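Q: pasting the structure only:
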């Protein structure tokens, strides 16, 4: 299927690892030009090179921008960097995120604020900076990577859940504002994914193991997978593929959606 992404200019935040890295790679493989945004310059450079190699045959290009998306001017900087490299910015994927497991009573105020900055204010600033120019051209795609926790709060990730719920609401507001101007804004809601956020030492897998009392990492991973109707955690490519579709011409009648890509975890039909 031709997704119509050849030559499109894109920016992906949180692109140095996990879902963001794979999304950037797949976009380049479709012939898109991608600005990979992240904080870790070394990992970001490796992700850029991987995306560029994937896109070589299709004509996709990749550039990197080391940036903390919670900075006040981050959205404008992404727009300027993409415009300087590719001439415009037509697709934005707000993917940057972080989470940890702990009880509601153990979350200090500063961490509530930090999650709001990362999951609400950062996407807000990015969309506010980029959506108007997309609207002027009459075409644009924005995908906000949210979470199942935004639909059904997780008692183990309280501040993350609340911030993701707010991000879903933010996505809908921008979708309603810009749909008639050709800018389609949607959200993706993954469940747990076998990526660095979960799998790195000290990551969510180890944190869940500590809270649940599971014997080892393999047991904790099996327990986490067993909670999904599909029986396992997602692979990064499964989430990235859904994101790339929403970035494409093929998603021309999808706006304001909050797609669950969670193996059936959240058992609702909306």
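A: Structure received. Treat the numbers as computed from the prediction; the structure is a model and nothing was measured.
Q: All the helices of this protein, residue numbers only.
A: With DSSP state H as the criterion, the chain has helices at 18-29, 41-55, 74-86, 109-116, 122-137, 158-178, 196-199, 204-212, 217-226, 236-246.
Q: what helices or strands is the fifth one leaning on?
A: Secondary structure elements in contact with helix 122-137, counted by 3 or more Cβ pairs under 8 Å, 6 or more residues apart in numbering; DSSP states H and E, are strand 9-13, helix 74-86, strand 91-94, strand 140-145, helix 158-178, strand 183-190. All C-beta atoms are positioned from the backbone trio N, CA, C, and that covers glycine.
Q: Go ahead and name everything in contact with that helix.
A: With Cβ atoms under 8 Å, 6 or more residues apart in numbering as the contact definition, helix 122-137 has outside contacts at 11, 13, 69-70, 72-76, 78-79, 88-90, 92, 94, 96, 140, 142, 144, 167, 170-171, 174, 177-178, 181-183, 185.
Q: circling back to that earlier point, quick check: which of the helices and strands packed on helix 122-137 is buried the most?
A: Comparing the helices and strands packed on helix 122-137 by mean neighbour count (mean count of other Cβ atoms under 10 Å), strand 91-94 ranks first with a mean of 30.
Q: quick one: furthest residue from the center of this protein?
A: Farthest-out residue of the chain from its mean C-alpha position, per Cα atoms, centre = their mean: residue 215, at 31.4 Å.
Q: Enumerate every residue touching that residue.
A: Contacts here follow Cβ under 8 Å, 6+ apart; on that basis residue 215 touches nothing.
Q: The closest residue in space to residue 91 that isn't next to it in sequence: what's it in contact with?
A: Leaving out its chain neighbours, the residue that sits closest to residue 91 by Cβ to Cβ, 6 or more residues apart in numbering is residue 10, at 3.9 Å. Counting by Cβ under 8 Å, 6+ apart, residue 10 touches 24, 27, 32-35, 82, 89-93, 247.
Q: Kindly recompute the last result at 6 Å.
A: Neighbouring residues of residue 10 by Cβ atoms under 6 Å, 6 or more residues apart in numbering: 27, 32, 34, 91.
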